[in-house]
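Peer 1: Quick check, what structure comes out for this input:
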Amino acid sequence: MKAVFARSPFDIQIRDVEARQPGIDEVLVQVRACGLCGTDLHFARDWQGEHQPLGHEIAAEVVEVGDGNVPYKPGDRVIVEDVAQCGICAHCKSGKPYLCRNMYDLNGQPGMAEMMTVNYHLLEPFEGIDWVHATLVEPMAVAYNTVLNSRIPLGGSVVVMGPGPIGLMCVYLAKMRGAEKVLLIGSSRKRKRGRARLEAGLKMGADAVVEALEVDPVEEVKRVFPAGADSVLVTSSPKTLAQSLDMVGFGGTVSFIGIDLGGGNTVEIDVNKLIFGKISLIPTFAEPAQNFPDTIRILKSGFFDSSLMVNKTFSFEELREVFLASDCGEAPILKAALVP
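Peer 2: Below you'll find the model as predicted:
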């Protein structure tokens, strides 16, 4: 079967590997769709080590069930989590499963593959969502966790930095969470992807968008929110984190999720601003998987228009072309999904 691995610089391999029969507590699933995540692009563009398995936004169908008390059967529609809490460690049993480090995982298998053999603890059943749109369950859960960490007060003021898929879903979820006004900061409309993202942001509930390459984003935030925003959500690269401290108001919260695997992960910030401004700086790390049932309900409700987000599907043969197009920004791709 086909399975995708990559490293820098866009050294993408589609390997022929053998599907493994399920053992005790395992299931064999057929991947029906797998979303292309920004982390996959980071690996393909920046990762200098060994080839990494790509794909963790996985919608699949159960094909075969191994021995054990497995609560699934062939034909079941499932989301495959890339990491799941164990449920039995001290953290899990103390009500802090998000701190679990004894997790079930994909054992090096890429979600961008035809088949996978995984422990059933990684599965989350779903109905009422098509395969391609179901790939949004994982990234929406990441956005959901970022929004929860941002402590948005009812009627609060919010800035979302970065109009990528996570940022766009943060806009929508911030409104659901009770924000009165959301300002989205993104790139220029001069590029097709930038234009498509900012337009999508308005459709998802942003009250206004700021083109960071055209105006000073800090000045624009202060114009809209003179006292600073209650919450700033940083889904853009780490280098923008310092700016967020100039956008948030006294006692506000900065929740950040943006990473960099190419050397841009170290930034300089003014600690005095944090202390004297009583600012909370909270990172979000989506491991183990959290809140998938909630995001399945949101997507199934139909209130979120998934077609605004996933606007490109591709095959194995088109994979490299889509990766390059998604990276350069010259195509209006918001979110792409592999359909094996």
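Peer 1: Pop the domain breakdown of this protein in here.
Peer 2: Annotated domains of the chain cover 2-136+309-338, 141-283 [automatic domain parsing].
Peer 1: and those domains as TSV, adding distance to Arg297, mean neighbour count and mean pLDDT?
Peer 2: Backbone N, C-alpha and C define where each C-beta goes, glycine included. Listed next are those as TSV, based on distance: least, C-beta to C-beta, whole Å; neighbours: other C-beta atoms under 10 Å; pLDDT from 0 to 100:
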stretch	distance to Arg297	mean neighbour count	mean pLDDT
domain 2-136+309-338	10	18	95
domain 141-283	11	20	95
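Peer 1: would TSV of these with distance to Asn291 be doable?
Peer 2: Formatted as TSV, the domains of the chain follow (distance: least, C-beta to C-beta, whole Å):
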stretch	distance to Asn291
domain 2-136+309-338	10
domain 141-283	5
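Peer 1: Between those domains, which one is closest to Pro293.
Peer 2: Pro293 lies closest, by C-beta to C-beta, to one member of those: domain 2-136+309-338, at 6.7 Å.
Peer 1: now the strands for the stretch 101-250 of the chain?
Peer 2: Taking DSSP state E, counting those that start in this stretch as the test, the strands found in the stretch 101-250 of the chain are 104-105, 115-119, 123-125, 157-161, 181-186, 208-211, 229-234, 248-256.
Peer 1: quick one, which of those strands is nearest to Gly329?
Peer 2: strand 181-186 (11.2 Å).
Peer 1: contact partners of stretch 80-96?
Peer 2: With contacts defined as C-beta atoms under 8 Å, 6 or more residues apart in numbering, stretch 80-96 is touched by 29, 31, 56, 58-60, 97-106, 111, 116, 118-119, 121-124, 138, 287-289, 292.
Peer 1: Would you tell me which of the domains of the chain gets closest to Phe303?
Peer 2: Using C-beta to C-beta, the domains of the chain put domain 141-283 closest to Phe303, at 8.4 Å.
Peer 1: Find out how far that closest one is from the centre of the chain, if you would.
Peer 2: 15 Å (C-alpha atoms, centre = their mean, to the nearest Å).
Peer 1: Tell me the spacing between the nearest residue to Asp327 once chain neighbours are set aside and Asp82.
Peer 2: Spatially, and ignoring its direct neighbours in sequence, Asp327 is nearest to Leu41 (5.5 Å; C-beta to C-beta, 6 or more residues apart in numbering). Separation of Leu41 from Asp82 (C-beta to C-beta, to the nearest Å): 16 Å.
Peer 1: Against Met247, how distant is the residue nearest to Asp327?
Peer 2: 26 Å.
Peer 1: and Asn119, bridged to which residues?
Peer 2: Glu26 (DSSP bridges).
Peer 1: So Ser157 versus Asp216, what's the distance?
Peer 2: To Asp216, Ser157 is 18 Å away according to C-beta to C-beta.
Peer 1: Nothing else from me, thank you.
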